[in-house]
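**Q** Pasting the sequence and the predicted model now:
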Amino acid sequence: MAPTLGGRNAAKFQEREDFIRESWVKAMEARLVRDELVKCQRHEGVNSLENCRWLSKKYAQMLLENKVKGYKKIDV
């Protein structure tokens, strides 16, 4: 039995919400890493460039990868 029109729309909406939610979760993870980087820099002081390097690299990578994206799926 073929899915009803309402069922297909509901599935599309759920897929879109899941995609957007995942995008926001990744953005919030980047925010948490940024907060930890700021704490590390304040705690380490002049040695922060050496001791917090791993956090700054992780944050820079997350900025590139974890952007909030819109959802646009074209059905063929």
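**A** Received, thanks. Residues are numbered from 1 along each chain as shown.
**Q** Find the nearest non-adjacent residue to the residue at minimal distance from the centre of the chain, please.
**A** When the chain is reduced to its mean C-alpha position, the closest residue under C-alpha atoms, centre = their mean turns out to be K26, at 1.8 Å. If the residues on either side of it in the chain are set aside, K26 comes closest to N66, at 3.8 Å by C-beta to C-beta, 6 or more residues apart in numbering. In short, each C-beta sits where N, CA and C put it, glycine included.
**Q** quick one, helices of this structure?
**A** Assigned by DSSP state H, the helices in the chain fall at 5-44, 48-51, 53-65.
**Q** helices or strands next to the longest one in the packing?
**A** Applying 3 or more C-beta pairs under 8 Å, 6 or more residues apart in numbering; DSSP states H and E, we find helix 5-44 packed against helix 48-51, helix 53-65.
**Q** how big is the angle separating that helix from helix 53-65?
**A** Using axes from the mean of the first three to the mean of the last three C-alpha atoms, to 10 degrees, the direction of helix 5-44 lies 150 degrees away from that of helix 53-65.
**Q** re the thing from before, want to try TSV for the helices and strands packed on helix 5-44, with mean neighbour count as columns?
**A** Below are those laid out as TSV (neighbours: other C-beta atoms under 10 Å):
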stretch	mean neighbour count
helix 48-51	12
helix 53-65	13
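**Q** quick one: low-confidence parts of this structure?
**A** Judged against pLDDT under 70, the low-scoring parts of the chain cover residues 1-6, 72-76.
**Q** Ok, which of the helices and strands packed on helix 5-44 comes nearest D35?
**A** Taking C-beta to C-beta as the measure, the helices and strands packed on helix 5-44 were each checked against D35, and helix 53-65 came out nearest at 9.9 Å.
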